[in-house]
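[1] 3D model of this:
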Amino acid sequence: MKNASLSRWALLALLPLGAAISTAGAANPPVEQEEARGESVQPGSDAWITTKVKADLLTTQNVPGMEIKVDTVNGVVTLSGMVDTQSEKDRAVQLTRAIEGVKQVNADHLKVGGAASKK
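    So this is what the prediction gives:
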């Protein structure tokens, strides 16, 4: 009985401390993870552009995304590899140009020749 009474008093003594902690937490909401690390989720970096171009190429019908290599340097995207038709090459270039942050597309090394379907 004495222990139960002591526990109640200890709980009552700690109650204001809990209220103070929860109030402090409300005054300082948690910072988003990206903000805390100083990273931006905004497009524009070469890595972001390369990833976005590759993802779009892989998810677009009539474009052999697995056969196209993507490199980005200072916003200039170079596409290389082999596609079956000129329309596949044109579509890949069109998709790449539509990505935010792309300054220029070089498709000189993206060859038309039918090797994409032979792999």
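[2] CA atoms for contacts and neighbours, from now on please.
    OK.
[3] Quick check: buried residues in stretch 89-99?
    The neighbour-count check on stretch 89-99 (16 or more other C-alpha atoms under 10 Å) flags Lys89, Arg91, Ala92, Val93, Leu95, Thr96, Arg97, Ile99 as buried.
[4] Can you lay out these as JSON lines showing pLDDT?
    Below are the buried residues of stretch 89-99 laid out as JSON lines (pLDDT from 0 to 100):
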{"residue": "Lys89", "pLDDT": "97"}
{"residue": "Arg91", "pLDDT": "97"}
{"residue": "Ala92", "pLDDT": "97"}
{"residue": "Val93", "pLDDT": "97"}
{"residue": "Leu95", "pLDDT": "97"}
{"residue": "Thr96", "pLDDT": "97"}
{"residue": "Arg97", "pLDDT": "97"}
{"residue": "Ile99", "pLDDT": "95"}
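[5] just curious, which of the residues you listed is nearest to Lys111?
    Lys89 (7.9 Å; C-alpha to C-alpha).
[6] Quick check: that closest one is in a strand.
    No: read with DSSP: H, G, I helix; E, B strand; the rest coil, Lys89 is helix and lies in no strand.
[7] If we ignore the residues flanking it in sequence, what's nearest it?
    Distance criterion C-alpha to C-alpha, 6 or more residues apart in numbering; nearest residue to Lys89, sequence neighbours excluded, is Val83 at 6.5 Å.
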